[in-house]
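Enquirer: mind folding the following:
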Amino acid sequence: MIRFILLMTMWLVALPAFANQSIPVDTGKVEASLVSSHNVVPPGGKFHVALRTALDDHWHTYWRNSGDSGEPVFVDWKVPEGILVGDISWPLPRTLATGPIINYGFEGTPLFPVEFTLAETAEIGSVFIVEADFYYLVCKDVCIPEQGKASLPIKVGPAEADTRWQAEINAALAATPKQSGIKGTIKKTAETVIMGFTGASSLSTAQDVHFFPYDQGVLGHSAPQAVRMGAKGLEITTAADYIWDNPMAETLSGVLAFTENGQRVGHEVTLAIGQSIDLGFAAVKPQAVGGITLLTAIFGALIGGLILNLMPCVFPVISIKALSIAKSAHGERSAIKREAWLYTAGVVATFLLLTFALLALKAGGSEIGWGFQLQSPKVVGVLAVLLFVIGLNLLGTFEFGSSLQNTGAELTQKSGAAGSFFTGALAVVVATPCTAPMMAGAVGYALAAPAAVTLAVFMALAIGFALPFLLIAYIPGMISKLPKPGPWMVTFKEVLAFPMFAAAIWLVWVLSLQAGEAGVLYVLAAMLAAAFAIWCFKRKARPVKIIGVMSMLAALALSVSLYPKQVALSHEADAWSAARVSELQAEGRPVFVDFTAAWCVTCKVNEKVVLDQARTRKLFGDTNTAFLIADWTNKNDVIAAELAKYGRAGVPLYLVYNQDSVSPVILPQVLTYDVIREAIAGK
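Expert: This next block holds a predicted model:
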């Protein structure tokens, strides 16, 4: 009785104007109190009491799923018998970045309402007390656990709402995410989860989309969420987390949040596990493709394939074919035409294999693009060893004989069907690090389109790539201008070895970024084993040749025993994520995003010639432009999905978010300082 009188006295003295707010409790970084929607509640009536937390600037507490770290706000209610207590109506959270991790929580003055139901037997005129023991982890640069207690008297009688706190509590309840007819599905594919949402027209125009799962372990909270819009809804692709390794229920729930008409809203959604949903992607053109059509895509692919022959990544292999044509330039025209068509067949067949591989991976839910095979350290390792062996042959270290009938290096040198066909195949494989002008949009369009369109565009790219040698074979004037065979060809052949070695060195460097020091050690050991195998093949003794075969197999095994590692970022750049872009835009900063890869030759040229120059760095500093890198060196489905969002299937892609525009400006693939400066300025 004495305790009750003391509580009533303290409450009346502290809050004479608002009888439905408890005495504020300062827990350190938070001032907490209980507030009620009603001063007086009738028997059997419903009312809300909310924990109100006023946080110090830049400190935050956590949502029901705290994300990568943290703990949710917790309240232990103590009420008289017969009063029913509901669950917290959680406010819409926001993403909170702390270094590389992402948490879900609140800053400012969040309200945590709970519905109470008074017993029908409550006596009119009586007063009961709602007590709460609360706990929260409050964080900024450090995290501090804080806790407190508060109590609030409520009178029983004719309903009397409070004009102040009822309005704030009702506003908080109205903003609480609720079921709204949006339907969702979720499925795991490889290391990612793909979520589809439909059922509301606002989804097609939603901005700053993010899904907050109720449960831990569903998705990687710190992984970017790549969003793709369809005619009937939207799709989110992000990293999967540990929960998928365990038996699953049939549904998962969470909150889909996005900005609509300038207002942040959240919708509670139940996702059907393992299912997919028609989002109308076929009816929507890829974003930022500029109204590209099938005909313009085919034309762009044809011209892009033609230009691809001039890119540095293709030169080492193309030069072999040039040497072959020079040898036979003044021979029978029918033989020249036959070799040109066989080279074309090798190009087309390899493009077909790549296209079918892309379509199969896409059908399986993977996000892939142009150059996807060089995201595998195994492929890079094999190519490095192959180009090294071809270089040795061009230098005259060994000549191909009957014992090497099946080696890839012989096939590129051997005249006739095998040599021409394989040279075309190898040229396509080493061409994938490069993206020629007019090619990027065409390939992006193709991968976002149905399979038949994808096939048509890639075949146009193959024809454009093979076209120069067909033209040489069928235009007499071009052949007649080639020099006649002679001693110069021996020197030319030896000189061609050095571009091969340069390409092999470059691939080893790419491998150092993909698989680390161990990867470099493995591929150098593979080159040693291949060189030893060649030495064995030159011996006459059969046992030595057998040792050579074993050594070549060892070289192959070493080349494919490589696994990717995390690629380190430049100290001058931050890692790209959609959330990071939104944060920087909210700060009013321009943002430059570099979608790149270590194996992308065009990317590296742009970095050396433009991005790494002092005046470009000064431009970024003077304009307070944030520089983000989306590194696609290793496979990354989220980056692949973001590329597809802008109609691209490969790198490079450069985006500038200036202060005057929400949507980014897409820069040309060949960068200049002036192009970057004008984009940042919004010109």
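
Enquirer: strands along the stretch 51-200 of the chain, start to end?
Expert: Assigned by DSSP state E, counting those that start in this stretch, the strands in the stretch 51-200 of the chain fall at 61-67, 74-78, 84-88, 94-98, 101-106, 111-117, 127-139, 143-156, 160-161, 178-179, 183-189, 192-198.

Enquirer: could you check the angle the last one makes with strand 183-189?
Expert: Same thing as strand 192-198. Calculated by axes from the mean of the first three to the mean of the last three CA atoms, to 10 degrees, strand 192-198 forms an angle of 160 degrees with strand 183-189.

Enquirer: next, the angle strand 61-67 makes with the helix or strand just after strand 192-198.
Expert: Proceeding N to C from strand 192-198, the next assigned helix or strand is strand 207-213, under DSSP states H and E. Relative orientation of strand 207-213 and strand 61-67, computed by the same axes, to 10 degrees: 80 degrees.

Enquirer: next SSE downstream of strand 207-213?
Expert: strand 226-229.

Enquirer: packing partners of that next one?
Expert: Strand 226-229 sits against strand 233-239, helix 637-645, with contacts defined as 3 or more CB pairs under 8 Å, 6 or more residues apart in numbering; DSSP states H and E. The C-beta positions use only the backbone N, C-alpha and C, and glycine is treated the same way.

Enquirer: what does the first one contact?
Expert: Read it as strand 233-239. Residues from elsewhere that reach strand 233-239 (CB atoms under 8 Å, 6 or more residues apart in numbering): 191-200, 203-204, 206, 209, 211, 219-220, 223-228, 277, 279-281, 367, 637-638, 641.

Enquirer: just the buried ones from those residues?
Expert: Buried by 16 or more other CB atoms under 10 Å: 192-198, 200, 203-204, 206, 209, 211, 219-220, 223-228, 277, 279, 281, 367, 637-638, 641, out of those.

Enquirer: burial of residue 52, as a residue count?
Expert: By other CB atoms under 10 Å, the residues close to residue 52 number 24.

Enquirer: so it makes contact with residue 33?
Expert: Yes - between residue 52 and residue 33 a contact is recorded at 5.2 Å, counting by CB atoms under 8 Å.

Enquirer: give the rounded mean pLDDT of stretch 159-176.
Expert: Averaging pLDDT along stretch 159-176 gives 89.

Enquirer: swap that for stretch 623-633, sorry
Expert: Mean predicted confidence for stretch 623-633 is 88.

Enquirer: what does stretch 392-401 give?
Expert: pLDDT averaged over stretch 392-401 gives 67.

Enquirer: circling back: export the strands of the stretch 51-200 of the chain to a markdown table and tack on distance to residue 519?
Expert: Formatted as a markdown table, these follow (distance: least, CB to CB, whole Å):
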| stretch | distance to residue 519 |
| --- | --- |
| strand 61-67 | 33 |
| strand 74-78 | 47 |
| strand 84-88 | 50 |
| strand 94-98 | 31 |
| strand 101-106 | 28 |
| strand 111-117 | 51 |
| strand 127-139 | 38 |
| strand 143-156 | 38 |
| strand 160-161 | 69 |
| strand 178-179 | 50 |
| strand 183-189 | 26 |
| strand 192-198 | 24 |
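
Enquirer: and the ones you listed, which one's lowest on average pLDDT?
Expert: strand 94-98 (a mean of 85).

Enquirer: name the residues of that strand that come out as buried.
Expert: For strand 94-98, by 16+ other CB under 10 Å, it's 94, 95, 96, 98.

Enquirer: just want the angle from that strand to strand 143-156.
Expert: Using the same axes, to 10 degrees: strand 94-98 against strand 143-156 is 150 degrees.

Enquirer: all strands of the stretch 451-600 of the chain, in order?
Expert: Using DSSP E, counting those that start in this stretch, strands in the stretch 451-600 of the chain cover 574-575, 591-596.

Enquirer: please identify the most buried of the ones you listed.
Expert: strand 591-596 (a mean of 24; mean count of other CB atoms under 10 Å).

Enquirer: pairing partners for that strand, with directions?
Expert: Note on strand 591-596: by DSSP bridges, its sheet partners are strand 626-631 (parallel), strand 653-657 (antiparallel).

Enquirer: count of residues packed around residue 554?
Expert: Residue 554: 17 surrounding residues under other CB under 10 Å.

Enquirer: what about residue 269, how many residues nearby?
Expert: Neighbour count for residue 269, taken as other CB under 10 Å: 24.

Enquirer: tell me the domain ranges of the chain?
Expert: Following the assignment in automatic domain parsing, the chain carries domains at 2-175, 179-283, 294-559, 574-681.

Enquirer: those domains: lowest mean pLDDT?
Expert: Of all the domains of the chain, mean pLDDT reaches its minimum on domain 294-559 (a mean of 69).

Enquirer: how near is residue 514 to residue 357?
Expert: 19 Å (CB to CB, to the nearest Å).

Enquirer: and what of residue 626?
Expert: Residue 626 is 36 Å from residue 357, by CB to CB.

Enquirer: before we move on, the earlier item: okay if I get the helices and strands packed on strand 226-229 as JSON lines plus distance to residue 121?
Expert: Formatted as JSON lines, the helices and strands packed on strand 226-229 follow (distance: least, CB to CB, whole Å):
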{"stretch": "strand 233-239", "distance to residue 121": "50"}
{"stretch": "helix 637-645", "distance to residue 121": "57"}
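
Enquirer: follow-up on the earlier one: neighbour-wise, which of residue 626 and residue 357 wins?
Expert: More neighbours surround residue 626 than the other of residue 626 and residue 357, with 20 against 13 (other CB under 10 Å).

Enquirer: pull the contacting residues for residue 37.
Expert: Taking CB under 8 Å, 6+ apart as the test, what residue 37 contacts is 20, 47, 48, 49, 161, 162, 165, 166, 169, 170.

Enquirer: can you tell me the helix or strand for the second one?
Expert: Meaning residue 47. strand 46-55.

Enquirer: CA-only coordinates of that strand in CSV, if you can.
Expert: Listed next in CSV are the C-alpha coordinates belonging to strand 46-55 (Å, rounded to 0.1, in the frame of the first residue of the first chain):
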residue,chain,number,x,y,z
LYS,A,46,-8.3,-2.0,-25.2
PHE,A,47,-5.6,0.6,-24.9
HIS,A,48,-1.9,0.9,-25.9
VAL,A,49,1.1,1.6,-23.7
ALA,A,50,4.4,2.3,-25.6
LEU,A,51,8.0,2.4,-24.5
ARG,A,52,9.3,5.7,-25.7
THR,A,53,13.0,6.0,-26.2
ALA,A,54,14.8,9.3,-26.9
LEU,A,55,18.3,8.5,-28.1
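
Enquirer: and residue 467, which of the strands paired with strand 591-596 is closest to it?
Expert: Closest of those to residue 467 is strand 653-657, at 26.7 Å (criterion: CB to CB).
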